[in-house]
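[1] Return a 3D structure for these sequence lines:
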Amino acid sequence: MIDVLIVGAGPAGLSAGIACAHHGLKVKIVDEFTRPGGRLLGQLHEEPNGTWWNGLEEAKCLHEQARRLDVEMECGVSVYDVKKTNQGWRVDTSHFSIEVAKLLLATGAAETAVPIPGWTLPGVMSIGAAQVMTNVQRVRVGARGVVVGVNVLSVAITRELQLAGIQVERMVLPARNVVNKETGNPLKVMQSILRVAHLAPSAIIRLGSKCLKSEALQKLALRFFPSSGISMWGVPIQLKTVALEIIGDKQVEGVKLVKVTPTGEPIPGTETVVPADFVCIAGGLYPLVELAAVAGCPFVFLPQLGGHVPLHNERMQTSLAGLYVAGNITGIESAKVAIAQGTVAGLSIADDLDKLQDKSLLCAAIEQVEIVRQNASIQFQTDIKQGRQSLHRMYEQHLSRFREEAKRPSSNILETNVL
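    Model (predicted):
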């Protein structure tokens with residue numbers, strides 16, 4: 001008899017399974033990928049203190065802990081429906097159907113598409129796909145490439161490609177259009193990469209980034225930003241150059257570029273074509289929330305968290321009884337935060353099933369999430385702390401409204417899924 005089903009075998013799902021099983025619960029984890037680990041499988045970067053974060057090793061460690069605690073795990077399984085029942089939740093998958101008392105969604109995040117002409121050519125891929133091919137499948141994505149899209153994720157993965165011996169010619173922005181408004185805005189992009197400037201190998205870049213606190217100074221810096229870009233690990237990051245088109249007949253052969261003003265307007269006569277045999281497109285990440293929507297979970301839209309996220313509290317409980325969330329489905333953050341959130345979710349489930357003897361463990365785990373967040377070397381979103389505070393406040397307001405409506409004998413409670 002399974003007590004808890006966890007959808008997602010990434011850092012949040014694995015750590016949640018460990019916490020649940022440690023307190024005597026029967027746990028099953030499913031994931032549509034062929035092996036556990038999620039986004040951890042492709043991660044490899046150097047921390048500010050000089051140590052290396054090896055996602056493969058971290059995933060292996062979590063997987064082994066889960067196995068020692070008899071957590072049942074099944075990969076290659078897709079979940080397509082979840083329904084609330086009187087006893088808990090019914091979950092339908094590509095391999096089986098199951099009813100459980102508690103359901104945790106740890107589905108992670110997906111990449112935002114950034115459409116530019118020629119993006120369907122062979123040799124064009126998302127930056128996340130390049131990471132998986134390089135670090136997990138050990139496949140060389142190409143000999144010489146261009147990264148279109150400059151953000152926290154693309155800067156980190158570009159470094160990983162470089163460490164694998166793959167030449168990245170340059171990083172540029174996509175041309176601005178109705179879809180690429182933010183990713184093609186030089187000022188917005190500058191503000192985003194300032195959050196990882198402390199990881200730059202150049203002391204000048206690290207020092208300069210600390211001086212650019214106000215938007216006025218950032219606009220001034222962008223005005224004098226060299227058109228050739230600033231080199232990071234030998235890769236030019238060009239905030240005033242955009243990709244107009246990916247060139248090629250049967251595969252990628254080059255990228256057509258043009259210089260732009262600080263506001264992103266193309267400068268006529270500055271078009272060039274640079275040769276390349278692969279292109280990585282980076283549009284950032286957004287929470288993968290489809291299953292939460294199918295479950296009927298209320299949502300809020302918070303740009304600080306990456307988009308629409310399910311309403312939930314610090315215990316990772318949603319407003320639907322027996323449904324929990326953890327990891328990037330709750331907002332885009334690092335794998336370390338996801339691991340900490342998974343532990344909270346697991347302990348919260350154990351507590352709700354009267355299996356948690358020491359209540360202080362849950363309080364300590366909630367505090368640990370904030371400690372990990374504060375010490376995170378990489379922040380994917382601005383004002384993440386304020387976003388979390390807003391989310392938890394909205395959760396309490398939502399429950400208060402629901403309770404007030406429930407007290408009215410003649411009321412018909414009609415909830416909206418997006419606030």
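[2] which parts of stretch 379-398 are buried?
    379-381, 384, 387-388, 391, 395, 398 (16 or more other Cβ atoms under 10 Å). For every residue, glycine as well, the C-beta is placed using N, CA and C.
[3] and which of those residues is nearest V114?
    F380 (16.2 Å; Cβ to Cβ).
[4] circling back: just give me the closest of the buried residues of stretch 379-398 to R140.
    Of the buried residues of stretch 379-398, the one sitting nearest to R140 (Cβ to Cβ) turns out to be F380, at 27.2 Å.
[5] for that closest one, what are its contacts?
    152-153, 284-285, 306, 332-334 (Cβ atoms under 8 Å, 6 or more residues apart in numbering).
[6] for the buried residues of stretch 379-398, which one is nearest G322?
    Y395 (16.2 Å).
[7] quick one: which helix or strand includes the closest one?
    Here Y395, judged by DSSP states H and E, is contained in helix 384-406.
[8] who does that helix touch, helix- and strand-wise?
    strand 299-302, helix 360-374 (3 or more Cβ pairs under 8 Å, 6 or more residues apart in numbering; DSSP states H and E).
[9] Mind putting these into TSV with mean pLDDT and distance to G254?
    Shown next, in TSV, are the helices and strands packed on helix 384-406 (pLDDT from 0 to 100; distance: least, Cβ to Cβ, whole Å):
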stretch	mean pLDDT	distance to G254
strand 299-302	94	38
helix 360-374	95	42
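[10] Please tabulate those in CSV, including the columns mean neighbour count.
    Converted to CSV, the helices and strands packed on helix 384-406 look like this (neighbours: other Cβ atoms under 10 Å):
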stretch, mean neighbour count
strand 299-302, 17
helix 360-374, 16
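[11] Give me the contact list for the helix holding Y395.
    With Cβ under 8 Å, 6+ apart, helix 384-406 has contacts from 298, 300, 302-305, 309, 311-314, 319, 331, 333, 373, 381, 411, 413, 415, 419.
[12] and these, which of them are in strands?
    300, 302, 309 (DSSP state E).
[13] Quick check: the first one touching G307?
    This points to V300. No - V300 is beyond contact range of G307, at 10.0 Å (criterion: Cβ atoms under 8 Å).
[14] Least confident secondary structure element in the chain?
    None of the helices or strands of the chain scores lower by mean pLDDT, DSSP states H and E than helix 203-211, at a mean of 52.
[15] next helix or strand past that helix?
    helix 215-223.
[16] now for that following helix, which elements pack on it?
    Helix 215-223 is packed against helix 186-193, with contacts defined by 3+ Cβ pairs under 8 Å, 6+ apart.
[17] ok, how many other residues are close to G88?
    18 (other Cβ atoms under 10 Å).
[18] T85 and V100 touch, don't they?
    No - counting by Cβ under 8 Å, T85 does not reach V100; the two are 9.5 Å apart.
[19] related to what we said a few turns ago, so which of the contacts of F380 comes closest to N135?
    Once Cβ to Cβ is applied, the member of those that ends up nearest N135 is L153, at 13.7 Å.
[20] quick one: secondary structure of the closest one?
    What DSSP: H, G, I helix; E, B strand; the rest coil gives for L153 is helix.
[21] before we move on, back to that, helices - which of the contacts of helix 384-406 land there?
    Members of the contacts of helix 384-406 lying in helices (criterion: DSSP state H): R373.
[22] Going through the contacts of helix 384-406, which ones are buried?
    In those, the ones that pass as buried (16+ other Cβ under 10 Å) are 298, 300, 302, 304-305, 309, 311-312, 314, 319, 331, 333, 373, 381.
[23] circling back to that earlier point, more neighbours, T85 and V100?
    For the pair T85 and V100, the greater number of neighbours falls to V100 (22 against 11), based on other Cβ under 10 Å.
[24] How about the contacts made by that one?
    Contacts of V100 by Cβ under 8 Å, 6+ apart are 2-5, 28, 88-89, 91.
[25] next one: L347
    19, 23, 356, 361-362, 365.
[26] those strands in the stretch 51-200 of the chain, which residues are they?
    For the stretch 51-200 of the chain, applying DSSP state E, counting those that start in this stretch gives strands covering 52-54, 72-75, 79-84, 89-93, 97-100, 102-105, 109-111, 124-126, 144-148, 167-174.
[27] Now do the buried residues in the first one.
    Just to be clear, that refers to strand 52-54. In strand 52-54, counting by 16+ other Cβ under 10 Å, buried: W53.
[28] What strands line up against it, and which way round?
    strand 44-46 (antiparallel) (DSSP bridges).
[29] Just the residues contacting the partner strand, thanks.
    Residues contacting strand 44-46 (Cβ under 8 Å, 6+ apart): 52-56, 135, 156, 159-160, 163, 199.
[30] what do you get for stretch 223-240?
    So stretch 223-240 is contacted by 150, 155, 158-159, 162, 168-173, 186, 189-190, 193, 200-202, 205, 222, 241, 259-262 (Cβ under 8 Å, 6+ apart).
[31] Now restrict those to buried residues only.
    150, 155, 158-159, 168, 170-173, 186, 189-190, 193, 200, 205, 222, 241, 259-260, 262.
[32] Against A101, how distant is the nearest residue to L41 once chain neighbours are set aside?
    Ranked by Cβ to Cβ, 6 or more residues apart in numbering and with sequence neighbours excluded, the top spatial neighbour of L41 is V136, at 4.8 Å. Separation of V136 from A101 (Cβ to Cβ, to the nearest Å): 34 Å.
[33] next one: V279
    47 Å.
[34] Then C363?
    On the measure of Cβ to Cβ, C363 and A101 end up 23 Å apart.
[35] any weak-confidence spans in the protein?
    Counting by pLDDT under 70, the low-confidence segments of the chain come to 48, 194-215, 377-378, 382, 406-407, 409-419.
[36] Which parts of it belong to which domain?
    If you go by automatic domain parsing, the domain ranges for the chain are 4-110+286-406, 113-283.
[37] Out of the ones you listed, indicate the one that is most buried.
    Counting by mean count of other Cβ atoms under 10 Å, domain 4-110+286-406 has the highest mean neighbour count of these, with a mean of 19.
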